[in-house]
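K.L.:
here is the input, now give the coordinates:
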Amino acid sequence: MLRTQALSTLGIGRVFVPKTFGFTFLLKKSLQWEHYMQCDGSPDPAVPQEINTFMSLWQENKNEDIEFVIKKGNQVLNLIEKLNFLLLDTPPNELMEKVIIQYQESILELQSLLHQKYNEATEHLLKKASTFADSDSGNMDVVIKDKNITFCIWGNLKKNARYSTKVNLFQIKNGFDLPKTVATSDVAVRILHTHYDHISPLQLIPNLHLKVQAPESKPELTVLYDMKEEKEEEQKSGEDSNLVIEKESDGRKSAISFKDSTKIDPGENEKLEEESEKKSENVSTISGEIIGENVVDLHQFTPVGGVYLIDALKLPPQAKQIKGWTMVELLDVGLETYPYPPESEETEDATYPRIGVTLRLLDSVIFFEEPMVARWDSAGKQWRTDGISDIKYKMKEKQISFEMDAFYTITLIQDAHLNMPYQSWELRPNGTDELLFTVVTAFAEVLMQIKGNQCMLSSVIVDGSEQLSHLTGKWTSPIDLIIALKKAGVNIFPSDYSYKYVCVNKKTPLAEVTTYQQMALVASAFAFSWSKWNLASGQDQVVFKVSEHLKTDAVKDEDWSLYMFNGQRAQRLRISETSEAFSEDLAENTEFHSTLYHLIKDFASEEAIEKVKKASCLFIDAISQLLIATRVLTYS
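P.N.:
Have a look, this model is predicted:
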């Protein structure tokens with residue numbers, strides 16, 4: 001059986017069926033061919049020799065200007081994106097442990113090299129700061145905007161407190177207030193805003209499996225899930241059949257349940273855990289750790305809008321004109337930071353004025369509520385909220401201001417689960433191998449279009465107006481769309497830990513995952529939608545609305561019917577969405593079936609069945625990826 005593309009790891013995990021050819025091999029060959037056709041001289045990031053040669057050659061180049069580094073940086077970011085795509089879109093059973101470590105170490109090394117090059121270019125720029133002096137203030141003022149970064153640097157050439165205490169960079173609407181002692185010193189302030197997050201620890205790829213046994217007539221489904229905490233709970237309770245976890249978080253009760261239909265070999269799990277512990281120390285998560293006070297839990301919250309590196313730097317000696325000669329003192333010390341507060345034993349308990357910062361947020365991201373401001377703790381490898389105070393947020397102007405007690409690397413944090421649980425969802429065919437997928441949340445209405453093996457963001461509507469126009473109308477892969485939406489702050493894709501922070505409508509993997517796959521199988525001719533009775537059907541069964549739909553207009557309320565499925569038995573219900581109480585009674589003149597397809601076939605027209613038979617396997621797979629990524633049956 002030919003396997004289609006791997007389904008998303010986001011949420012419940014990847015689900016895949018047996019196949020004849022190795023998908024990793026096919027994926028690599030596809031990417032290698034794409035790389036060959038680009039013919040741009042960039043290395044293949046999946047080949048260690050090529051990526052190491054690329055980094056070594058760039059490491060040797062010195063005195064590169066900032067414009068060149070920014071251009072080269074875009075190439076580096078493209079290599080990182082390719083490695084991330086390989087990690088996310090390869091089936092877990094084909095992704096060897098050493099390959100995961102190789103890819104993630106390459107990502108970390110590329111990130112480190114790029115940051116080093118930005119520092120070298122900054123040093124090169126500061127050595128000739130006087131040539132960028134502003135005509136009014138006499139101070140250096142340089143702003144460079146690119147699609148992936150915004151680089152701005154200010155140099156205190158005149159050391160006049162009148163022009164150096166409060167600095168506004170009007171080109172990007174950023175600014176800062178400096179203490180007087182800093183404003184009269186040989187200092188430069190750099191705000192390097194990377195529109196991506198290269199600071200947060202990389203998330204481990206989970207490698208523990210929970211097998212869901214399907215009926216003998218169907219291929220086995222394998223669900224990837226991090227079962228560490230679940231196993232601990234199981235050992236405490238001594239129960240093997242049903243596993244329920246509940247946790248109270250911020251006043252919201254959340255739960256998840258699994259019904260294990262097969263036994264997991266303890267020896268196999270121990271082996272998997274040992275392999276997991278051997279991962280690189282640089283690649284880490286907060287899983288299983290006790291989150292300290294003021295530490296950001298990256299399972300509950302997520303950085304949005306990139307990272308702001310706010311640094312105070314020592315201004316190097318500038319060139320002077322003496323009797324026709326240009327003279328400059330050369331210091332071989334590299335880029336030096338300006339310590340603030342001053343590092344001295346006598347001043348440990350002293351209080352110093354705080355630094356004021358104003359940042360203009362990106363138009364390419366959405367904040368649904370006031371974000372938290374967090375600083376990077378390089379020693380603890382974590383984001384923290386202490387050291388930041390007096391936060392003022394202007395949503396309409398997309399501007400935030402705050403004070404900090406030192407110069408920090410800053411990011412803006414948003415609750416990753418603001419849009420969960422969803423209020424409703426709908427899957428509606430809209431042509432041959434084409435459909436619309438709508439997810440409505442408390443803050444936004446997200447409309448995605450699927451056509452063939454590609455998908456597209458049609459619109460994101462917030463408070464009646466469309467947002468994220470830079471993402472809409474572009475066809476891409478499901479994985480790339482998921483990444484783009486999460487990066488833009490629209491997270492409708494539960495992670496392995498989301499059940500701890502969201503009120504989950506718990507369903508067994510057998511019922512949930514099998515339903516997604518069978519919905520995708522017939523979605524070319526049938527519409528599906530959210531039903532309130534899914535909350536009342538229990539964890540072993542899912543309930544949803546179904547309607548044959550061969551047109552392109554909306555489905556009428558009277559055309560919907562209610563279906564219930566547990567992964568092995570499908571039935572049509574007698575009740576409707578407006579009934580007063582839930583009932584499992586069969587609809588008149590109907591019977592049970594083992595699959596959703598055979599049940600729908602009893603009521604479908606010949607045209608609809610023919611359309612289902614002709615649906616592309618790539619189209620079916622793309623639908624499955626988005627359904628499993630959003631997990632609409634559990635998170636609605």
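
K.L.:
switch to C-alpha atoms for all contacts and neighbour counts from now on
P.N.:
OK.

K.L.:
centre of the chain to the lengthiest helix in the chain, how far?
P.N.:
Criterion DSSP state H: the longest helix present in the chain is helix 97-126. Relative to the chain's own centre, helix 97-126 is displaced by 20 Å; criterion: Cα atoms, centre = their mean, to the nearest Å.

K.L.:
go on, stretch 392-412?
P.N.:
22 Å.

K.L.:
would you mind listing the buried residues in it?
P.N.:
393, 399-412 (16 or more other Cα atoms under 10 Å).

K.L.:
restrict it to CA atoms and write it as PDB.
P.N.:
The C-alpha trace of stretch 392-412 is given here as PDB (Å, rounded to 0.1, in the frame of the first residue of the first chain):
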ATOM      1  CA  LYS A 392       2.100  49.700  28.900                       C
ATOM      2  CA  TYR A 393       0.400  48.200  25.900                       C
ATOM      3  CA  LYS A 394      -1.400  50.100  23.100                       C
ATOM      4  CA  MET A 395      -3.200  47.500  21.000                       C
ATOM      5  CA  LYS A 396      -4.500  50.000  18.400                       C
ATOM      6  CA  GLU A 397      -1.000  51.400  17.800                       C
ATOM      7  CA  LYS A 398       0.600  48.000  18.100                       C
ATOM      8  CA  GLN A 399       3.100  49.500  20.600                       C
ATOM      9  CA  ILE A 400       4.400  48.300  23.900                       C
ATOM     10  CA  SER A 401       6.600  50.200  26.400                       C
ATOM     11  CA  PHE A 402       8.200  48.900  29.600                       C
ATOM     12  CA  GLU A 403      11.200  49.400  31.900                       C
ATOM     13  CA  MET A 404      14.000  47.000  32.700                       C
ATOM     14  CA  ASP A 405      16.800  47.000  35.200                       C
ATOM     15  CA  ALA A 406      19.500  46.000  32.700                       C
ATOM     16  CA  PHE A 407      19.900  45.500  29.000                       C
ATOM     17  CA  TYR A 408      18.200  42.300  28.000                       C
ATOM     18  CA  THR A 409      17.100  40.100  25.100                       C
ATOM     19  CA  ILE A 410      13.400  40.500  25.100                       C
ATOM     20  CA  THR A 411      10.400  38.600  23.600                       C
ATOM     21  CA  LEU A 412       6.700  39.000  23.800                       C
END
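
K.L.:
low-confidence ranges in the stretch 101-250 of the chain?
P.N.:
Under the criterion pLDDT under 70, the flagged ranges of the stretch 101-250 of the chain are 163-164, 170-171, 204-250.

K.L.:
can you map out the helices along it?
P.N.:
For the stretch 101-250 of the chain, the helices defined by DSSP state H, counting those that start in this stretch occupy 161-164, 180-183, 228-237.

K.L.:
just the buried residues of stretch 392-412 now: which is nearest residue 159?
P.N.:
Nearest to residue 159 among the buried residues of stretch 392-412, counting by Cα to Cα, is residue 407 at 19.3 Å.

K.L.:
would you enumerate the residues in contact with the closest one?
P.N.:
By Cα atoms under 8 Å, 6 or more residues apart in numbering, residue 407 lies in contact with 310, 311, 312, 340, 355.

K.L.:
who wins on neighbours among these?
P.N.:
Tallying neighbours with other Cα atoms under 10 Å puts residue 312 at the head of these, with 23 neighbours.

K.L.:
need the pLDDT of that residue.
P.N.:
For residue 312, the model assigns a pLDDT of 92.

K.L.:
which one is it nearest to, not counting chain neighbours?
P.N.:
What sits nearest to residue 312 in space, not counting adjacent residues and going by Cα to Cα, 6 or more residues apart in numbering, is residue 189, at 4.6 Å.

K.L.:
next one: residue 552
P.N.:
Nearest to residue 552 is residue 430, by Cα to Cα, 6+ apart, at 4.8 Å.

K.L.:
give me phi/psi at that neighbour?
P.N.:
Dihedral pair for residue 430: phi -140, psi 30, per degrees, to the nearest 10.

K.L.:
quick one: it from residue 604, how far?
P.N.:
17 Å (Cα to Cα, to the nearest Å).

K.L.:
between those two, tell me which one has more neighbours.
P.N.:
Ranked by neighbour count (other Cα under 10 Å), residue 430 and residue 604 place residue 430 first, with 22 against 18.

K.L.:
pLDDT wise, what is the more buried one at?
P.N.:
91.

K.L.:
give me the distance between it and residue 609.
P.N.:
On the measure of Cα to Cα, residue 430 and residue 609 end up 16 Å apart.

K.L.:
same question for residue 518.
P.N.:
14 Å.

K.L.:
the more surrounded of these two?
P.N.:
Neighbour count, other Cα under 10 Å: between residue 518 and residue 609, residue 609 has more, with 19 against 16.

K.L.:
which ones are touching that one?
P.N.:
Contacts of residue 609 by Cα under 8 Å, 6+ apart are 525, 601.

K.L.:
secondary structure element for it?
P.N.:
Assigned by DSSP states H and E, residue 609 falls within helix 606-613.

K.L.:
buried ones in that helix?
P.N.:
Going by neighbour count (16+ other Cα under 10 Å), the buried part of helix 606-613 is 608, 609, 611, 612.

K.L.:
go on, stretch 462-479?
P.N.:
Under 16+ other Cα under 10 Å, the buried positions of stretch 462-479 are 462, 467, 468, 471, 472, 475, 478, 479.

K.L.:
for residue 548, which non-adjacent residue is spatially closest?
P.N.:
Counting by Cα to Cα, 6+ apart, the residue nearest residue 548 is residue 526, at 4.4 Å.

K.L.:
count of neighbours near the one you found?
P.N.:
That count, for residue 526 with other Cα under 10 Å as the rule, works out to 24.

K.L.:
can I assume it is in contact with residue 552?
P.N.:
No. With contact defined as Cα atoms under 8 Å, residue 526 does not reach residue 552; the gap is 11.5 Å.

K.L.:
ok, back up a step: of the contacts of residue 407, which pair is most distant in space?
P.N.:
310 and 340 (12.2 Å).

K.L.:
returning to that earlier point: shared neighbours of residue 526 and residue 552, which are they?
P.N.:
With Cα under 8 Å, 6+ apart, residue 526 and residue 552 have common neighbours residue 429.

K.L.:
coming back round to it: can you tell me which of the buried residues of stretch 392-412 is nearest residue 593?
P.N.:
Proximity of the buried residues of stretch 392-412 to residue 593 was ranked by Cα to Cα; the top entry is residue 412 with 50.4 Å.

K.L.:
what about residue 450, distance to residue 502?
P.N.:
In terms of Cα to Cα, residue 450 sits 27 Å off from residue 502.

K.L.:
check residue 153 too.
P.N.:
Distance from residue 153 to residue 502, counting by Cα to Cα: 42 Å.
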